[in-house]
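Engineer: Provided below are the primary sequence and the corresponding predicted coordinates.
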Amino acid sequence: MAILIIVESPTKAKTISRFLGRNFKVLSSAGHLRDLPKSKIGLDIEHDFAPQYVIAKDKKNLADDLKAAAKKASAIYLATDEDREGEAIAWHLTQILDLPEKEVERLVFHEITEKAIQEAIQHPRHLDLNLVDAQQARRFLDRLVGYELSPLLWKKIAYGLSAGRVQSVALRLIVEREDEIRKFITTPYSTIEGDFTFKNGLIHGKLHQFENKTVEQFTFSDQMATEKIATTLNQDIFTISDKKTKEVKKNPLPPFTTSTLQQEASKKLGFSPKQTMMLAQKLYEGIDLGGGPVGLITYMRTDSLNLSLDFLSAAQSYLKKHFGNEYVLTKPRFFKTKSKGAQEAHEAIRPTDVELSPDDVAFHLKLLDKKLFTLYRLIYNRALASQMPEARLEQTSLDIAGKKSSTIFRATGSRLLFLGFLKLWQINEDEAEENERRLPEVAINEKAQTQTIKALAHTTEPPARFTEANLIKTLEEYGIGRPSTYAPTLATLLDRKYVTRENKKLTPTDMGEVVTNFLKEHFKDIVDFDFTAKMEEQLDEIAEGKAELLPVLKNFYGPFHKNIETKTKEVNRSDFDQASDELCPKCGSPMIIKIGRFGKFLACSKYPDCKTTKPLAGSEEAAENLGACPDCGGNLVPKRGRFGAFIACSNYPTCKYTQKNEKPTGVHCPKCETGDIVIKKSKRGKIFYACNKYPACDFSLWHKPTGDKCALCQSLLIEKGKHILCSNSECVKSKLDS
């Protein structure tokens, strides 16, 4: 009789099987076999929230197969992931397979390697019911909020809406940032900058001191007056009055946690958090490098910065061998975790084998998915760079003083003395440029030839909209959510169309703002940062055995449910209606602004007697007409339906002509040469650019084409941030691989 090991993933099962003999049988549960029912709340509120778990219909045969295998097994190990979710899956398996909880043995490991699996088998542990309770508490809380608050939103605002503990707080952050941007009042100010030529080269300086006073941001607020000052300064004689040089060190960043991996993959690779976690899961569970699947990284859901002593020793040997002694630390560098509730027993995300460098696995990973390679390279380099010496830079500050005026221009520069960790860790281009912005050699009292001194006009900028990366960072700083929740939270906001994403920026929709304002007014706790963070702390306390599930649920649900009942009676759908200056074109009655599934619109106040509706002024649907209808000659206007935006005839329902809503870029398709590149949105709301002849032509780009072609390969040039690059990643003018 074989020993049965059950994991939650078929790929994980295949990888683990490689390291075990014939007396082991490894099977997969394919995630959760059972969960709360989808059709009802699934919790018996009156009987201490007793859950009514059901096995998913599509997994009943799998459950039967696992039961049959369990009966034949000489021993059973549950090897699901070592986190709350994995512990809960293992507990559910004990219930389904009718295994005694106290006798069930768990195999726990942070990487899927032969050494880790063998050690886990030699040191199994029992089921941790505290972790199970913590996961159940999170599941129950989310179910209570979702199944009681969402129907209220349907009744009072619009059908199909949802609310959740973490998603509603994340949405509040996005909405309040948008409100800050709207209310922001720009303030003009000016600066003065100058170019000075010396014997060894040109130096650009910024006015640092004027009339013996340090220049601040708003020292110069009148542009015309500032221009007069600049004109006067052009007549002055300038010399080097001071020169300061110092050596500074830059420390490497710590290895990745779940949140920092998602942030960096978004900034450097353009991956969404959900995409990052899907790719990381594959790297963790195993990739076939020719001799069978190998787990390439440690477990990717972690908030710990710890690194194993084995890895630290291996990293030291690797760095000495490949880079030399000067790139090896005298002793390992350790990092202190700042994240609230971090699981210190876990490890940071790192490669399982330092000898499997990105170059060594490049062929196999690129063959499967080039994105797997770029993510692995990011993880590998970050972990190894964390154990390399600091980079050393020489920073220079020059003061260029005017002889006639009490004026000082200051110039700064730097040069790399020793790469240190920068030899491996790729920094962004702006930082790289800053590190190597050398100043020419000059001497004290050396006279300058003034080329030009200019007054530059500026205005203050509103705060930037959130990207997925800095939203995750903000949630983590508040102590809201945990490693497993960030990616699904952001995906939900996009799926529900509470926010849109364009050029990585998150913008709330009308509906997102309405839902947030409703929750802020009527359910303050649900969107309160401190309250939500406190709930996370209570879940952590349950996991640590310091709190019990039932009191936490009761303390939350009592006031929450009472408020649901109160608001159901007090709040009316008409409370969200707003007056407008518009009159109904059919009956002449006042029109009011209402909320629907797709946002705000105008409706006749005499409804249901008059059912006239029209787009709200300033909305996409109210934009100027898009030409004449080919069927009846009426105006074509933008519309929005259940499947998104489209174009229709304004004479509907008399004329039912429609067409896809495609915004042109003015660039012809280089592949079919007959179509045009238009702006489109993916299902997740991400902007991309594709040929309008699809499906006949499948040409597409993730970045906006400029219309110009690459001088080397004739592919389209694209805008990527501040840079113009070739869209062909194989072209030497492209930096898409960097």
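Structural biologist: The structure has been received and is ready for your questions.

Engineer: the strands in the stretch 551-700 of the chain, which residues?
Structural biologist: 578-583, 590-596, 599-604, 613-615, 636-641, 644-649, 658-660, 663-668, 676-681, 687-691, 700-701 (DSSP state E, counting those that start in this stretch).

Engineer: just those strands: most buried one?
Structural biologist: Highest mean neighbour count of those: strand 599-604, a mean of 20 (counted as mean count of other CB atoms under 10 Å). (Each C-beta comes from the backbone N, C-alpha and C, glycine too.)

Engineer: partners of that one in the sheet?
Structural biologist: Under the criterion DSSP bridges, strand 599-604 sits next to strand 590-596 (antiparallel), strand 613-615 (antiparallel) in its sheet.

Engineer: looking only at pLDDT, what's the mean for the last one?
Structural biologist: To tie it back to what came earlier, the one meant is strand 613-615. Averaged across strand 613-615, pLDDT comes to 79.

Engineer: tell me the domain ranges of the protein?
Structural biologist: Domain assignment for the chain by automatic domain parsing gives 3-127, 137-184+479-570, 188-251+391-459, 258-385, 576-660.

Engineer: so how far is the first residue of the last one from its last?
Structural biologist: In this case it means domain 576-660. End-to-end distance of domain 576-660 (CA to CA, to the nearest Å): 32 Å.

Engineer: centre of the chain to it, how far?
Structural biologist: Average the C-alpha atoms of domain 576-660, do the same for its chain, and the two points are 35 Å apart (CA atoms, centre = their mean, to the nearest Å).

Engineer: looks to me like D195 is in a strand.
Structural biologist: Yes - according to DSSP: H, G, I helix; E, B strand; the rest coil, D195 belongs to a strand.

Engineer: need the contact list for it.
Structural biologist: If you count contacts by CB atoms under 8 Å, 6 or more residues apart in numbering, D195 has them with 202-204, 450-453.

Engineer: PyMOL command for the buried members of these?
Structural biologist: Entered in PyMOL, the line below selects the buried ones among those, by 16 or more other CB atoms under 10 Å:
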select buried, resi 203+450+453
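
Engineer: need the contacts of D195 in CSV (columns: pLDDT, secondary structure and distance to S317).
Structural biologist: Formatted as CSV, these follow (pLDDT from 0 to 100; DSSP: H, G, I helix; E, B strand; the rest coil; distance: CB to CB, whole Å):
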residue, pLDDT, secondary structure, distance to S317
L202, 95, strand, 47
I203, 95, strand, 46
H204, 95, strand, 46
T450, 89, strand, 57
Q451, 91, strand, 54
T452, 94, strand, 56
I453, 96, strand, 56
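
Engineer: list just the nearest of the contacts of D195 to I237.
Structural biologist: Nearest to I237 out of the contacts of D195 is T450 (CB to CB; 8.0 Å).

Engineer: touching, the closest one and N234? I think so.
Structural biologist: Yes - if you go by CB atoms under 8 Å, T450 and N234 touch, sitting 6.2 Å apart.

Engineer: list the buried residues in the strand or helix carrying E85.
Structural biologist: Using DSSP states H and E, E85 sits within helix 84-96. Across helix 84-96, burial judged by 16+ other CB under 10 Å covers 84-94, 96.

Engineer: from the contact counts, what lies against it?
Structural biologist: The helices and strands touching helix 84-96, judged by 3 or more CB pairs under 8 Å, 6 or more residues apart in numbering; DSSP states H and E, are strand 34-35, helix 60-72, strand 75-78, helix 129-156.

Engineer: show me how far the helix or strand just after that helix is from its chain's centre.
Structural biologist: Counting by DSSP H and E, the next helix or strand C-terminal to helix 84-96 is strand 105-106. Relative to the mean C-alpha coordinate of its chain, strand 105-106 is positioned 35 Å out (CA atoms, centre = their mean).

Engineer: same check, this time on stretch 311-319
Structural biologist: Taking CA atoms, centre = their mean, one finds stretch 311-319 lying 31 Å from the centre of the chain it belongs to.

Engineer: all helices of the stretch 151-300 of the chain, in order?
Structural biologist: Using DSSP state H, counting those that start in this stretch, the helices found in the stretch 151-300 of the chain span residues 165-183, 223-233, 258-264, 273-285.

Engineer: out of those helices, which is the most enclosed?
Structural biologist: It is helix 258-264: most buried of those by mean count of other CB under 10 Å, with a mean of 24.

Engineer: residues making contact with that one?
Structural biologist: Residues contacting helix 258-264 (CB under 8 Å, 6+ apart): 253-254, 256, 273, 276-277, 280, 300-303, 339, 349, 378-379, 382, 468-470, 472-473, 476, 483-484, 486-487.

Engineer: mark which of the residues you listed are buried, thanks.
Structural biologist: Counted by 16+ other CB under 10 Å, the contacts of helix 258-264 give 254, 256, 273, 276-277, 280, 300-303, 339, 349, 378-379, 382, 468-470, 472-473, 476, 483-484, 486-487 as buried.

Engineer: can you give me the buried ones in stretch 367-380?
Structural biologist: 371-380.

Engineer: looking at those residues, which two lie furthest apart in space?
Structural biologist: Pairwise over the buried residues of stretch 367-380, using CB to CB, the maximum falls at K371 and Y380, 14.7 Å.

Engineer: can you tell me the centre-most residue of this structure?
Structural biologist: E468 (3.2 Å; CA atoms, centre = their mean).

Engineer: now do the contacts for that one.
Structural biologist: Contacts of E468 by CB under 8 Å, 6+ apart are 262, 266, 272-273, 490, 501, 504, 506.

Engineer: kindly report the same for M388.
Structural biologist: 252, 319, 323, 327-329, 420-421, 423-424.

Engineer: now swap in I112 and tell me
Structural biologist: Contacts of I112 (CB under 8 Å, 6+ apart): 12, 15-16, 284-286, 295, 352.

Engineer: in a markdown table, list those along with distance to A443 and pLDDT.
Structural biologist: Formatted as a markdown table, the contacts of I112 follow (distance: CB to CB, whole Å; pLDDT from 0 to 100):
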| residue | distance to A443 | pLDDT |
| --- | --- | --- |
| K12 | 66 | 94 |
| T15 | 65 | 94 |
| I16 | 68 | 94 |
| Y284 | 58 | 95 |
| E285 | 62 | 94 |
| G286 | 63 | 92 |
| G295 | 60 | 94 |
| T352 | 55 | 95 |
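
Engineer: tell me where the stretch 451-600 of the chain has helices.
Structural biologist: With DSSP H, counting those that start in this stretch as the criterion, the stretch 451-600 of the chain has helices spanning 468-478, 486-495, 510-522, 529-543, 549-570.

Engineer: as JSON lines, those with distance to P124 would be great.
Structural biologist: Formatted as JSON lines, the helices of the stretch 451-600 of the chain follow (distance: least, CB to CB, whole Å):
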{"stretch": "helix 468-478", "distance to P124": "33"}
{"stretch": "helix 486-495", "distance to P124": "30"}
{"stretch": "helix 510-522", "distance to P124": "45"}
{"stretch": "helix 529-543", "distance to P124": "20"}
{"stretch": "helix 549-570", "distance to P124": "25"}
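
Engineer: any chance of those helices in CSV, plus distance to V26 and mean pLDDT?
Structural biologist: Formatted as CSV, these follow (distance: least, CB to CB, whole Å; pLDDT from 0 to 100):
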stretch, distance to V26, mean pLDDT
helix 468-478, 34, 92
helix 486-495, 27, 90
helix 510-522, 45, 91
helix 529-543, 28, 93
helix 549-570, 32, 94
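
Engineer: looking at those, which is nearest to C713?
Structural biologist: helix 468-478 (31.5 Å).

Engineer: ok now the closest one, how far from the chain's centre?
Structural biologist: Going by CA atoms, centre = their mean, where helix 468-478 is centred and where its chain is centred differ by 8 Å.

Engineer: shaky segments in the stretch 301-450 of the chain?
Structural biologist: For the stretch 301-450 of the chain, residues meeting the criterion pLDDT under 70 lie at 338-345, 427-435.
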